[in-house]
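Q: Sequence plus the predicted model coming up.
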Amino acid sequence: QVQLVESGGGLVQAGGSLRLSCAASGRTSSLHVTGWFRQAPGKEREFVATIRSWPRSTFYADSVKGRFTISRDKDGNMVYLQMNSLKPEDAAVYYCVAEPYGSSIDRPEYRYWGQGTQVTVSS
């Protein structure tokens, strides 16, 4: 089993930055794909970014490409999401995820989910 705990959410002005962190515990050595989804009120969960441990690669939603950066430490115990140039439409609950059930990394079909952290962007 794996547990994921997010932190770093909060209130920021449009154009500002936030860094989300996700602490993984348990059988973290088995984690190969970790990432972030988000969900705004009244909307479906949306893919944000993922990172693969080997070969090391990252994937981003078009809506965040060039503004967000996903990273993880070499042990795989921490995953980060650096969010720059935030927009009001980025406001959502952000979820850390790990290990997709299938090959589609941009679908909300992951084995492990964190409890979420709120990001609010004021205009």
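A: Received the coordinates, thanks.

Q: going forward, measure contacts and count neighbours with C-alpha atoms only.
A: Will do.

Q: what's the distance between residue 54 and residue 27?
A: 17 Å (C-alpha to C-alpha, to the nearest Å).

Q: ok, now residue 36?
A: 19 Å.

Q: same question, residue 19
A: The value you get for residue 19 to residue 27, if C-alpha to C-alpha is used, is 25 Å.

Q: likewise residue 37?
A: 21 Å.

Q: Which of those two has more residues huddled nearby?
A: residue 37 (22 against 11; other C-alpha atoms under 10 Å).

Q: Excluding sequence neighbours, find me the nearest residue to the residue nearest the centre of the chain.
A: By C-alpha atoms, centre = their mean, the chain has its centre lying nearest to residue 36, at 2.0 Å. Distance criterion C-alpha to C-alpha, 6 or more residues apart in numbering; nearest residue to residue 36, sequence neighbours excluded, is residue 96 at 4.7 Å.

Q: what does residue 8 give?
A: residue 20 is the one closest to residue 8 (C-alpha to C-alpha, 6+ apart), at 4.5 Å.

Q: Pull the residues that contact the strand or helix carrying residue 48.
A: Using DSSP states H and E, residue 48 maps to strand 46-52. Here strand 46-52 makes contact (C-alpha atoms under 8 Å, 6 or more residues apart in numbering) with 32-39, 57-61, 64, 70-72, 105-108.
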